[in-house]
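# Here is my input; please provide its structure:
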Amino acid sequence: MNSAIRRLAVAAIILMLALMANSTYLQAFRSNELNGRNDNRRVRDSQFSVNRGPILIGSTPIAQSKPTNDRFKYQRSYPAGPTYAPATGFYSYLFGRSGIELTRNSELNGSDPSMAFRRIIDVISNRPQQGGSVTLTLNAAAQQAAYDGLAGKTGAVVALEPKTGRVLAMATRPSYDPNVLASHDLNKVGAAWKKLNADKDRPLSNRAVQELYPPGSTFKLVTAAAALSSGKYTPETKVNSPAELPLPQTTVPLVNEDLKNCGGSNNATLTIALRYSCNTAFGSVGLNLGPDALREQAAKFGFGDRPLDEVPGVATSQFPGDPNQPQTAQSAIGQFDVLATPLQMAMVSAGIANKGEVMKPYLVQSVKTADLKTVSETKPETLHQAVTPEVAAQLTTMMVDVVNNGTGRPGQINGIQVAGKTGTAQTSKERPPFAWFTAFAPANDPKVAVAVLIEDANIPRNDIAGGTLAAPIAKKVMEAVLGQ
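The predicted model follows:
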């Protein structure tokens, strides 16, 4: 009998030790995973009862929590809804979080380790947990100009401060209203989610950073940078620029958009070639430099990086791995398999504007506790030195010429010198081309760099051009930043 009791006691002790070990393991190693599970309703209810901190632009909330009389205690609200949705994201009981609501969740709900002292004070004083505030870098006037400029179109705008990398605008259309997903009426939330995901225009997608597009002729800035950096070219070097450029390994030539030679010459200078955006000239340059030089230059501007970690799902811009000669010529003009986000093309302009130094873009300026003590503040950080200051100055002069005398005239601002480049990227016969414009201003002391992509404007195919569609939007955004 004693032997049986001992065996039972040992078994009970082993079970208790196993239970304690499992409990310790769950608390120490899997608590975050389990707390983050969408089916953990206890945690979700608890989080929705926290007074979540605001997301701010300056002192103005673009996301905030307001007291309610229902079981969740607080309702998340987005006063300017669709305008800032690409940045704020949404906070939903059923569908989790996105945008800053996701990446800065622990600071916003007050659970971040950096706010431990604040939580201790709350416990001692018997106050409910209160989240911290997150202040963004966005410029309200520029964001509104970008969002308004995209009205009736499908596309995106990104604006950066060249010297720091601060994101001044990040707009996309079609957009969505985060308020409908934050609602406490869960039946309506489910219906709204289903409708948004069924929409063929993909309003939940942040086109500014999450979608890849052929950059078209805006990529000629990268090709020009590679050419000038190689030592083989200057802005006045003459390049082969006929109406049609025969390509090796194929009977299909590379042609200029207007089917004419470049500015009246078969041997235009690199400056003239950029002014008129001549495909054959830059195809010739690409063949001369080779794909490795183009790929390396693209990487120095940020291609291959995932630069904005404060926004989930940022796409990686890319240059093709091993193109043949015809593909290299096409890649040099931003076609074939070259793909970029609007953020990436804004980074190209910003890097040129900043004497060749590409800064790491950032969206969060600072984080503070509920009692306004600063927890963190973002400092500017260099990502790459894309070109030398001398090459950047040459590119700037060439881009100013594009706006003053070439395809970028619609981007001109009275009294301010603008440096820019247009682009029209072909995709297929079934869909319209993409219209691009990237620029910075003032050219002699840049305060803002911008990229505008128009995916669809509901106009005839022959009317689509970067200068006519995208440049006026970029102009308005730059004017907003510059106080014009």
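# And for the residue nearest to residue 414 when sequence neighbours are not counted, the neighbour number?
Spatial nearest neighbour of residue 414, excluding adjacent residues (C-beta to C-beta, 6 or more residues apart in numbering): residue 484 at 7.9 Å. C-beta here means a position set from N, CA and C on the backbone, and glycine is covered the same way. A total of 13 residues lie near residue 484 under the criterion other C-beta atoms under 10 Å.
# Residue 484: what's it in contact with?
By C-beta atoms under 8 Å, 6 or more residues apart in numbering, residue 484 lies in contact with 413-414, 416, 478.
# now swap in residue 211 and tell me
Residues near residue 211 by C-beta under 8 Å, 6+ apart: 156, 205, 315, 341.
# what secondary structure does the first one sit in?
Residue 156 carries the three-state label strand when classified by DSSP: H, G, I helix; E, B strand; the rest coil.
# pLDDT value on residue 148, please?
Listed pLDDT for residue 148 reads 98.
# Could you report the distance from it to residue 130?
As judged by C-beta to C-beta, to the nearest Å, residue 148 and residue 130 stand 35 Å apart.
# the more surrounded of those two?
The residue with more neighbours, out of residue 148 and residue 130, is residue 130; 19 against 15, by other C-beta under 10 Å.
# Residues in a beta bridge with that one, which ones?
Beta-bridge partners of residue 130, counted by DSSP bridges, are residue 51.
# how close does it sit to residue 67?
Where residue 67 is concerned, residue 130 sits at a distance of 12 Å (C-beta to C-beta).
# Likewise for residue 343?
Applying C-beta to C-beta, the value for residue 343 to residue 67 is 37 Å.
# For the protein, name the helix or strand with the lowest mean pLDDT.
None of the helices or strands of the chain scores lower by mean pLDDT, DSSP states H and E than helix 31-35, at a mean of 56.
# picking up where we left off before, out of the contacts of residue 484, which comes closest to residue 283?
Proximity of the contacts of residue 484 to residue 283 (C-beta to C-beta) peaks at residue 478, which lies at 30.5 Å.
# Now the helix or strand where the closest one lies - C-alpha only, PDB.
Using DSSP states H and E, residue 478 sits in helix 471-482. Output of helix 471-482 as PDB, limited to C-alpha atoms (Å, rounded to 0.1, in the frame of the first residue of the first chain):
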ATOM      1  CA  ALA A 471       3.500  67.300 -62.300                       C
ATOM      2  CA  PRO A 472       0.600  69.600 -61.300                       C
ATOM      3  CA  ILE A 473      -0.100  67.500 -58.200                       C
ATOM      4  CA  ALA A 474       3.600  67.600 -57.300                       C
ATOM      5  CA  LYS A 475       3.600  71.300 -57.800                       C
ATOM      6  CA  LYS A 476       0.700  71.800 -55.300                       C
ATOM      7  CA  VAL A 477       2.500  69.600 -52.700                       C
ATOM      8  CA  MET A 478       5.700  71.500 -53.000                       C
ATOM      9  CA  GLU A 479       3.900  74.800 -52.800                       C
ATOM     10  CA  ALA A 480       2.200  73.600 -49.600                       C
ATOM     11  CA  VAL A 481       5.500  72.700 -48.000                       C
ATOM     12  CA  LEU A 482       7.100  76.000 -49.100                       C
END
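# tell me the contacts of residue 227?
Residue 227 makes contacts with 233, 237, 270, 285, 289, as judged by C-beta under 8 Å, 6+ apart.
# And the buried ones among those, selectable in ChimeraX?
Of the contacts of residue 227, the buried ones can be selected in ChimeraX as follows, counting by 16 or more other C-beta atoms under 10 Å:
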select :233,270,285,289
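# And residue 448, how far from residue 416?
Look at residue 448 and residue 416: by C-beta to C-beta, they are 11 Å apart.
# Could you check which of the two is surrounded by more residues?
Taking neighbours as other C-beta under 10 Å, residue 448 and residue 416 compare with residue 448 leading, 28 against 16.
# List of residues touching stretch 142-150?
The contact list for stretch 142-150 (C-beta under 8 Å, 6+ apart) reads 57, 82-84, 156-157, 159, 168-173, 175, 448, 452, 472-473, 476-477, 479-481.
# Equivalent analysis for stretch 66-86, please.
With C-beta under 8 Å, 6+ apart, stretch 66-86 has contacts from 45, 48-52, 57, 61-65, 88, 90-91, 93, 99, 138, 143-144, 147, 170-172, 175-179, 182, 184, 206, 208-209, 311.
# now swap in stretch 178-185 and tell me
For stretch 178-185, with C-beta under 8 Å, 6+ apart as the criterion, the contacting residues are 63, 68, 70, 72, 75-78, 81, 85, 88-95, 188-189, 192-193, 196.
# swap the cut-off to 7 Å and go again
68, 70, 72, 75-78, 81, 85, 88-92, 95, 189, 192-193 (C-beta atoms under 7 Å, 6 or more residues apart in numbering).
# go on, stretch 362-376?
Defining contact as C-beta under 7 Å, 6+ apart, one finds that stretch 362-376 is touched by 53, 87, 104, 107, 114-115, 118, 130-137, 165-167, 308, 310-311, 377-378.
# Output it as PDB, restricted to C-alpha atoms.
Extracted in PDB, the C-alpha atoms of stretch 362-376 (Å, rounded to 0.1, in the frame of the first residue of the first chain):
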ATOM      1  CA  TYR A 362      11.000  58.000 -41.300                       C
ATOM      2  CA  LEU A 363       7.400  58.700 -40.300                       C
ATOM      3  CA  VAL A 364       7.500  58.900 -36.500                       C
ATOM      4  CA  GLN A 365       9.000  62.100 -35.100                       C
ATOM      5  CA  SER A 366       8.600  61.300 -31.400                       C
ATOM      6  CA  VAL A 367       6.800  59.200 -28.700                       C
ATOM      7  CA  LYS A 368       5.600  60.700 -25.400                       C
ATOM      8  CA  THR A 369       3.900  59.300 -22.300                       C
ATOM      9  CA  ALA A 370       0.500  60.400 -21.300                       C
ATOM     10  CA  ASP A 371       2.100  63.000 -19.000                       C
ATOM     11  CA  LEU A 372       4.100  64.400 -22.000                       C
ATOM     12  CA  LYS A 373       7.500  63.000 -21.100                       C
ATOM     13  CA  THR A 374       9.500  62.100 -24.200                       C
ATOM     14  CA  VAL A 375      10.200  58.400 -24.600                       C
ATOM     15  CA  SER A 376      11.900  58.500 -28.000                       C
END
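# Give the rounded mean pLDDT of that stretch.
Mean pLDDT, stretch 362-376: 92.
# cool, and stretch 255-263?
92.
# Quick check: the residue nearest to residue 414 vs residue 415, distance?
Between residue 484 and residue 415 the distance is 8 Å, computed by C-beta to C-beta.
# picking that back up, output the contacts of residue 227 as CSV; include the columns secondary structure and pLDDT.
As requested, the contacts of residue 227 are exported to CSV (DSSP: H, G, I helix; E, B strand; the rest coil; pLDDT from 0 to 100):
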residue, secondary structure, pLDDT
233, coil, 98
237, coil, 98
270, helix, 98
285, helix, 98
289, helix, 98
